[in-house]
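Undergrad: the following block contains a protein sequence and its predicted model.
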Amino acid sequence: MISIVIVNYNSENFLEKCLGSIQNSTLENIKVEVLIVNNSSKKYFQVIKYTNFSLKIIEVNKNIGFSKAANIGIKKSNFKTVLTLNPDVLLFKNTLFKAFNYFKNKKNIGVLGCKVLNDNNSFQKSSRRRMPFLSVLFPYILKLHYLGLVNRYNYMDFSEDTRHCVDAVSGAFMMFNKDIFYKMKAFDERFFLYFEDTDFCLKLNKSDFMVVYFPEAKIKHFKKGSRNFLNYISVEFNFYLSFLKFILKYSRIFFKFNN
């Protein structure tokens, strides 16, 4: 049984396709509920009736950020296995079935991530390795993503088709146990957008739970697909603001490790 939590912010066009991919998934007696936490100012109206899962819409009526919205959805979920899923994601047909059946038998897994593809089917770098902050920050600011340090940060020294433990996976697809989630004190709501997933994964690593990259499960992620210029500026601002908060939280240059 899986509770899928989706935080929506003005992504209705993508969301319908995302729900359609859940509807078309091979589940084989896996019960699924979907909880949409709607951060948009306009209400979400369900257009299509789905038979593969139950659907619950939680209206927030304003943008409270991903972490806070996801925490609300997870709190209202009914099942112990939770999957956070971006609205601009399409699931491959067997992704839920493969991920759940692997995850449910591994008690020491804190979170399970999957293989992420771009809309052109190229590999999207979604796993992250903990590294010295400044060695990663400046290449990102200068858009020098081809540098070796950034590739190492994104685990490009591993095969994209090899299952392995990582430091962090993307919140676009994260499967975890709700009890463990609350032991980690949920998503840190100081992160409005970005790095709440990395923060959660690092807390799991510190508590000796595994963060697993599981390439047998695949999604297609339409990253940046719905952004106009103003949205792009807002997203970039939130990215670097969260990056700074992350540095302040974890770097011993500034503070001791603080949960």
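TA: Okay, I see it.

Undergrad: now the helix or strand Phe200 falls within: average pLDDT?
TA: Per DSSP states H and E: Phe200 is located in helix 196-206. Helix 196-206 shows a mean pLDDT of 90 in the predicted model.

Undergrad: who does it touch, helix- and strand-wise?
TA: Secondary-structure packing of helix 196-206 (3 or more CB pairs under 8 Å, 6 or more residues apart in numbering; DSSP states H and E): helix 66-75, strand 109-117, strand 210-221, helix 229-250. C-beta: built from backbone N, CA, C; applies to glycine.

Undergrad: what residue ranges in the stretch 51-200 of the chain are flagged as low confidence?
TA: Under the criterion pLDDT under 70, the flagged ranges of the stretch 51-200 of the chain are 127-159.

Undergrad: what ranges do the strands span in it?
TA: 54-59, 81-85, 89-91, 109-117, 164-165, 173-177 (DSSP state E, counting those that start in this stretch).

Undergrad: between strand 173-177 and the fourth one, find me the angle.
TA: Which is strand 109-117. 160 degrees (axes from the mean of the first three to the mean of the last three CA atoms, to 10 degrees).

Undergrad: could you give the separation of strand 109-117 from the chain centroid?
TA: Relative to the chain's own centre, strand 109-117 is displaced by 9 Å; criterion: CA atoms, centre = their mean, to the nearest Å.

Undergrad: again, but for the third one
TA: Taking CA atoms, centre = their mean, the mean C-alpha location of strand 89-91 is offset from the chain mean by 12 Å.

Undergrad: other SSEs contacting it?
TA: Using 3+ CB pairs under 8 Å, 6+ apart: strand 89-91 touches helix 12-23, strand 210-221.

Undergrad: which one of these lies closest to Lys98?
TA: Lys98 sits nearest to strand 210-221 of all those, at 4.9 Å, using CB to CB.

Undergrad: which other helices and strands contact that closest one?
TA: strand 89-91, helix 95-103, strand 109-117, strand 164-165, helix 196-206.

Undergrad: how far away from the center of its chain is the shortest one?
TA: Mean-position distance between strand 164-165 and its chain equals 17 Å (CA atoms, centre = their mean).

Undergrad: and for stretch 170-190?
TA: For stretch 170-190, the distance to the chain centre is 10 Å (CA atoms, centre = their mean).

Undergrad: can you start the count at 24 instead of 1 from here on
TA: With 24 as the first residue, the last one maps to stretch 193-213.

Undergrad: pull the CA atoms of that stretch into PDB?
TA: The C-alpha trace of stretch 193-213 is given here as PDB (Å, rounded to 0.1, in the frame of the first residue of the first chain):
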ATOM      1  CA  SER A 193      15.900  13.800  -5.700                       C
ATOM      2  CA  GLY A 194      12.600  14.700  -4.000                       C
ATOM      3  CA  ALA A 195      11.000  14.200  -7.500                       C
ATOM      4  CA  PHE A 196      10.600  10.600  -6.500                       C
ATOM      5  CA  MET A 197      11.400   9.500  -2.900                       C
ATOM      6  CA  MET A 198       9.800   6.400  -1.300                       C
ATOM      7  CA  PHE A 199      10.100   6.000   2.500                       C
ATOM      8  CA  ASN A 200       8.500   4.600   5.600                       C
ATOM      9  CA  LYS A 201       6.300   7.200   7.400                       C
ATOM     10  CA  ASP A 202       7.500   6.100  10.900                       C
ATOM     11  CA  ILE A 203      11.100   6.600   9.900                       C
ATOM     12  CA  PHE A 204      10.200  10.000   8.300                       C
ATOM     13  CA  TYR A 205       8.900  11.200  11.700                       C
ATOM     14  CA  LYS A 206      11.900   9.900  13.500                       C
ATOM     15  CA  MET A 207      13.900  12.200  11.200                       C
ATOM     16  CA  LYS A 208      11.500  15.100  12.300                       C
ATOM     17  CA  ALA A 209       9.900  15.300   8.800                       C
ATOM     18  CA  PHE A 210      11.000  17.800   6.100                       C
ATOM     19  CA  ASP A 211      12.700  20.900   7.500                       C
ATOM     20  CA  GLU A 212      10.300  23.700   6.700                       C
ATOM     21  CA  ARG A 213      13.000  26.300   6.800                       C
END
